[in-house]
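Asks: Need a 3D model of the following:
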Amino acid sequence: MNEIVELATSAIAIKIDLTRGGTITHIGKSFDKDSNVLAWYEFDDIEELPIEYPHGESEHYWMSRYRGGWQLLTPSADKECDVGGRHHSFHGDSSILPWHLVSKTSNEITHDVTIFNALHVNRVAHLESDRPVLTVTTTIKNIGEKVEPFIKVEHIAYRGSDNGDVTGPSETVWKFHDYVQEGYAGEFKWKDMDSHGVNIRNRNMDKEARLVYIVRDSEGWIEWHNPDFGQRTRASWDPKEFPHLWYWQENGADIFPFHRRTKITALEPASVPPGTRLVGAVEQDRASYLQPGESHTFSIQIELK
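Replies: Residues are numbered from 1 along each chain as shown. Predicted coordinates:
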């Protein structure tokens, strides 16, 4: 049975599923289901596969448990890979391992997980008492005996809407990922997308999915407006920690486990471009490194407007 931790103030409410990779399953101004800004689907007909997976099949196993929400992806992300004698699962072990509740106060949930007996990840979800603001602060510490490389992605999936729109900083430079191009394969600034025949503000797309990302010049914020539920959400972060943003939209795809049942707008601050994985980050000198005993802390804030 999953271990769900709930926390609320007069302004904001959250739920965290510790068992399912420390996933934040609900962020809203209340616990009402329609208040949730995150995508969350319960597929009763999909059997959740075990955490332990056969080599090469971690993506299928991970997707069997995926319901949306917000996971931290580290020390790797995207597909499986091998780095320094370690085998990294799809979307990183932090998103599949069960987390441990460290403490809970009137406005904070502290939880942690240890990966490979080498990386201790501590995460604090803090709610402001009088504003609908959630700040999540993560500290990764190397408790092992050798240098550990890592990348990080805040894998945030919002409830999708055909009427919704995204607002990004005008000077940020974007590019469609290799496998999804909409008539323009080059880089473009947010403010110049119309001149290239591109529209990534809205979901008016005919494909089942799209992936576009910030290449450079991030300003560390993005907004998602979902008029179907009267929701406007602003995420902000340090662009030095997350110089990229993966902007993924799922549009009723006929794939496992969605089977045309979902619409998702994911806006994911990331330390590397999509498809890089930890192995690519190491090869391209994009990875971060922790010496034994060293730690690294970063935060992201979600404001409900």
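Asks: how about residue 155, what does it touch?
Replies: Residues near residue 155 by C-beta atoms under 8 Å, 6 or more residues apart in numbering: 70-73, 77, 91, 95, 266, 268. In short, each C-beta sits where N, CA and C put it, glycine included.
Asks: List phi and psi for it.
Replies: Main-chain dihedrals, residue 155, degrees, to the nearest 10: phi -90, psi 80.
Asks: Nearest spatial neighbour of it, chain-adjacent residues omitted?
Replies: Distances taken as C-beta to C-beta, 6 or more residues apart in numbering place residue 71 nearest to residue 155, at 4.5 Å, with adjacent residues excluded.
Asks: Wait, that neighbour touches residue 22, no?
Replies: Yes - between residue 71 and residue 22 there is a contact at 7.0 Å, judged by C-beta atoms under 8 Å.
Asks: Which neighbours do those two have in common?
Replies: Both residue 71 and residue 22 are in contact with 94-95, where contact means C-beta under 8 Å, 6+ apart.
Asks: For residue 304, see how far away the residue nearest to residue 155 is.
Replies: Distance from residue 71 to residue 304, counting by C-beta to C-beta, to the nearest Å: 20 Å.
Asks: Neighbour count for these two, which is higher?
Replies: Legend: neighbour count by other C-beta atoms under 10 Å for residue 71 and residue 304, higher for residue 71 (26 against 18).
Asks: what's near enough to touch the more buried one?
Replies: Shown in contact with residue 71 (C-beta under 8 Å, 6+ apart): 21-24, 91, 94-95, 155.
Asks: Greatest separation within those residues: which pair is it?
Replies: The largest separation in the contacts of residue 71, counting by C-beta to C-beta, is between 24 and 91 at 15.0 Å.
Asks: Without its sequence neighbours, what residue ends up closest to residue 199?
Replies: The shortest distance from residue 199 to any non-neighbouring residue, by C-beta to C-beta, 6+ apart, is to residue 193 (6.4 Å).
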